[in-house]
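Participant: sequence? don't have it. structure:
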């Protein structure tokens with residue numbers, strides 16, 4: 001498949017942006033959580049610092065997001081997982097309100113009430129959930145809506161290999177196949193379901209093989225490579241747009257950080273991440289672009305400067321935004337009696 005220079009450079013820039021965003025968040029998230037708290041005899045304080053709560057980062061998994069989102073339009077829907085930032089960035093969700101949401105600020109996508117696992121941007125048709133396997137039925141709903149409207153919009157359901165063992169996976173696959181919904185199920189196989197290796201949780205080696213049980217195509221991408229992902233998913237998206245039904249794509253990818261920030265990662269071999277980083281997909285794509293005379297060292301440096309400033313601006317925006325007013329806690333929340341509920345605040 002011939003992929004144009006503009007598309008390839010977009011994928012490269014987005015991968016650099018995602019990586020820098022995740023590495024920046026990894027540092028910012030730890031502010032106030034340790035070591036001072038530990039020195040005072042306290043445990044890791046998950047609620048301390050500018051970004052409270054859990055944090056799941058996707059450094060290393062950039063090819064999955066950019067390789068697929070490079071095919072999408074603004075009308076297509078993406079439903080992410082509890083590790084959602086790479087999908088959001090690749091789908092075009094603005095960094096400023098996305099970051100502010102993680103900081104719990106009123107300028108966030110959800111006015112600071114959702115946090116990093118519950119990002120929602122209707123303008124870019126992006127959402128995610130902290131519930132394992134929740135992306136699949138939601139994406140089916142978006143695909144059904146598109147079908148009812150007579151549109152060729154597609155919906156992408158991202159999930160991890162551990163979620164492929166949830167009932168929602170089988171129910172969604174069956175429903176989508178029966179109704180020929182224009183949905184693509186994309187499994188990010190990073191080999192770890194939290195701390196459980198795939199080999200100890202899944203009865204078959206490749207999740208993509210399960211597609212045969214529903215009479216739909218199953219495609220496996222064996223390398224953490226953006227171009228391979230882009231090429232592999234193209235037939236599935238074209239098939240969906242033609243109204244021929246869903247496909248299941250499984251992509252071998254790598255998770256450089258722990259399941260969550262603060263994860264001691266005692267379950268992983270000590271040298272695993274170092275070995276994974278030897279095949280980092282970002283310099284790999286950069287080398288390919290340079291070999292094809294599509295990117296120079298100077299242009300790569302300019303991209304890095306641009307992306308770093310973009311990320312810095314987003315974190316500055318989040319830090320300087322205001323926190324929500326306590327009296328607004330129950331606004332935008334469904335209650336039986338919103339008026340009385342707000343009076344209790």
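Facilitator: Nice, I can see it. The shown structure was predicted, so the numbers you read here are calculated from the model rather than taken from an experiment.
Participant: got a list of what the closest residue to residue 191 other than its chain neighbours touches?
Facilitator: Distance criterion CB to CB, 6 or more residues apart in numbering; nearest residue to residue 191, sequence neighbours excluded, is residue 198 at 5.1 Å. The way it works is simple: take the backbone N, C-alpha and C, and place the C-beta from them, glycine included. Taking CB atoms under 8 Å, 6 or more residues apart in numbering as the criterion, residue 198 is in contact with 161-162, 189, 191-192.
Participant: Apply 7 Å and report the result again.
Facilitator: The neighbours of residue 198, taking CB atoms under 7 Å, 6 or more residues apart in numbering as the test, are 161, 189, 191.
Participant: What confidence value was assigned to it?
Facilitator: Per-residue confidence (pLDDT) for residue 198: 92.
Participant: in the stretch 51-200 of the chain, which spans are helices?
Facilitator: With DSSP state H, counting those that start in this stretch as the criterion, the stretch 51-200 of the chain has helices at 62-69, 85-91, 95-102, 135-148, 167-179.
Participant: Export the ones you listed as TSV, with columns for mean neighbour count and distance to residue 267.
Facilitator: Formatted as TSV, the helices of the stretch 51-200 of the chain follow (neighbours: other CB atoms under 10 Å; distance: least, CB to CB, whole Å):
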stretch	mean neighbour count	distance to residue 267
helix 62-69	28	22
helix 85-91	27	23
helix 95-102	24	26
helix 135-148	21	25
helix 167-179	18	23
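Participant: who wins for proximity to residue 227 among those?
Facilitator: Taking CB to CB as the criterion, residue 227 comes closest to helix 62-69 out of these, the separation being 7.2 Å.
Participant: any chance of the helices of the stretch 51-200 of the chain in JSON lines, with mean pLDDT and distance to residue 205 too?
Facilitator: Shown next, in JSON lines, are those (pLDDT from 0 to 100; distance: least, CB to CB, whole Å):
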{"stretch": "helix 62-69", "mean pLDDT": "98", "distance to residue 205": "19"}
{"stretch": "helix 85-91", "mean pLDDT": "98", "distance to residue 205": "25"}
{"stretch": "helix 95-102", "mean pLDDT": "98", "distance to residue 205": "36"}
{"stretch": "helix 135-148", "mean pLDDT": "98", "distance to residue 205": "21"}
{"stretch": "helix 167-179", "mean pLDDT": "97", "distance to residue 205": "17"}
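Participant: which stretch among the ones you listed comes nearest residue 79?
Facilitator: helix 135-148 (4.1 Å).
Participant: now the closest one: how far from the chain's centre is it?
Facilitator: 18 Å (CA atoms, centre = their mean, to the nearest Å).
Participant: Please work out which residues outside it touch it.
Facilitator: 77, 79-81, 127, 129, 153, 155-159, 168-169, 172, 175-176, 179, 181-183, 185.
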